[in-house]
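Trainee: Okay, predicted coordinates and the sequence, questions at the end:
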Amino acid sequence: MTRTIALVGIDGSGKTTQAHRLADALAAEGLKASYRRNAGGRRWFGRLAARLGKGDDAEDLLGRRAMLFVESVLRWLAILRTLLRRAFTGEITVMDRYAVCQYASLRARAARPAAERRARLAYRLFPRPDVTFYLDVDPQVAHDRIEARGYDHESTDYLAAAAVAYRSLPEYAGFVVIDANATPDKVAAEIRAHLPIPAPVTPARSRVRTMILAGGPLLAGATALGYQLAESL
């Protein structure tokens, strides 16, 4: 049964748009579904850096290693919150980003291998999504979309590195790859065509399993992220 659906990919691939559309489509089919975002805080810290006159990027404010740590923590907490919420509601969750986004970010930003190992330790007890859609988009197309929306910026070099990073992940073999260069309507139709009709889960059964799973990540995550904090400062 499908309970957690994740949409991942480089910035500008359409994750947020398609996650919203999918959650709305499932709800229209009579299923209890919700959109949940798993942001890393880069946009917010980038805006804060600009207001403080420190530059226009989150790393200008916090530094690369500290920002990667903050990003890891915020995404970890977002996933934990989503799992706990789902345990009590029994809803189908459409996630805008998931743990693999952090692994790809670390690789694309040339973090040390030890940083990814600690991130994986922190996230390892979170269950994998039932379906992970990778929105595959040309880096130049993604760059043009980012520039068009006008509230953040990414270089084509970084976007290309991020695309390579996603494809290098061991999880990539299990992704459902969607051509995200197409129009939003075509992308949405392809996603829906590859998604089996999810079956609702009763909250009572879901609650016990997720509460048990939550205890492990709390301990492992706190330990791994603590080591990462010590090396980031």
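Mentor: Received, thanks.

Trainee: what residues does stretch 157-177 touch?
Mentor: Identification of contacts with stretch 157-177 by Cβ atoms under 8 Å, 6 or more residues apart in numbering yields 8-12, 100, 103-105, 107-108, 128, 131-134, 136-137, 139, 142-143, 194. All C-beta atoms are positioned from the backbone trio N, CA, C, and that covers glycine.

Trainee: Put the buried members of those residues into a ChimeraX selection.
Mentor: Buried residues within the contacts of stretch 157-177, by 16 or more other Cβ atoms under 10 Å, are selected in ChimeraX with:
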select :8,9,10,11,12,100,103,104,105,107,108,131,132,133,134,136,137,139,142,143
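
Trainee: just the CA coordinates of stretch 78-98, formatted as CSV?
Mentor: C-alpha atoms of stretch 78-98 as CSV (Å, rounded to 0.1, in the frame of the first residue of the first chain):
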residue,chain,number,x,y,z
ALA,A,78,10.5,17.9,8.9
ILE,A,79,10.5,14.2,8.1
LEU,A,80,10.0,13.3,11.8
ARG,A,81,7.1,15.7,12.1
THR,A,82,5.5,14.3,9.0
LEU,A,83,5.8,10.7,10.1
LEU,A,84,4.3,11.6,13.5
ARG,A,85,1.5,13.5,11.9
ARG,A,86,0.8,10.6,9.5
ALA,A,87,0.7,8.2,12.4
PHE,A,88,-2.2,10.0,14.0
THR,A,89,-4.1,10.9,10.8
GLY,A,90,-3.5,7.9,8.6
GLU,A,91,-3.2,10.2,5.6
ILE,A,92,-1.3,9.7,2.4
THR,A,93,1.7,12.1,2.5
VAL,A,94,3.1,13.7,-0.6
MET,A,95,6.6,14.9,0.3
ASP,A,96,8.3,17.8,-1.4
ARG,A,97,11.9,16.5,-1.0
TYR,A,98,13.1,13.7,1.3
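
Trainee: about what we covered before: which ones among the contacts of stretch 157-177 lie within strands?
Mentor: In strands, judged by DSSP state E, the following of the contacts of stretch 157-177 are found: 8, 131-134, 136.

Trainee: any chance of these in TSV, with pLDDT and distance to Leu22 too?
Mentor: What follows is the ones in strands among the contacts of stretch 157-177, written out as TSV (pLDDT from 0 to 100; distance: Cβ to Cβ, whole Å):
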residue	pLDDT	distance to Leu22
Val8	97	13
Val131	95	10
Thr132	97	13
Phe133	98	9
Tyr134	98	14
Asp136	98	17
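
Trainee: Grab the two from the residues you listed that are most spread out in space.
Mentor: Spatially, the most separated pair among the ones in strands among the contacts of stretch 157-177 is Val131 and Asp136, at 15.5 Å (Cβ to Cβ).

Trainee: Could you find the closest non-adjacent residue to the most centrally placed residue in the chain?
Mentor: For the chain, Arg97 is the residue whose C-alpha lies nearest the centre (Cα atoms, centre = their mean; 1.8 Å). With sequence-adjacent residues excluded and distances taken as Cβ to Cβ, 6 or more residues apart in numbering, Arg97 is closest to Asn38, at 4.0 Å.

Trainee: surely that neighbour meets Val100?
Mentor: No - at 10.5 Å, Asn38 does not count as touching Val100 under the criterion of Cβ atoms under 8 Å.

Trainee: Show me where this protein has its strands.
Mentor: Using DSSP E, strands in the chain cover 4-8, 33-37, 92-96, 131-136, 176-179.

Trainee: With that, I have no additional questions.
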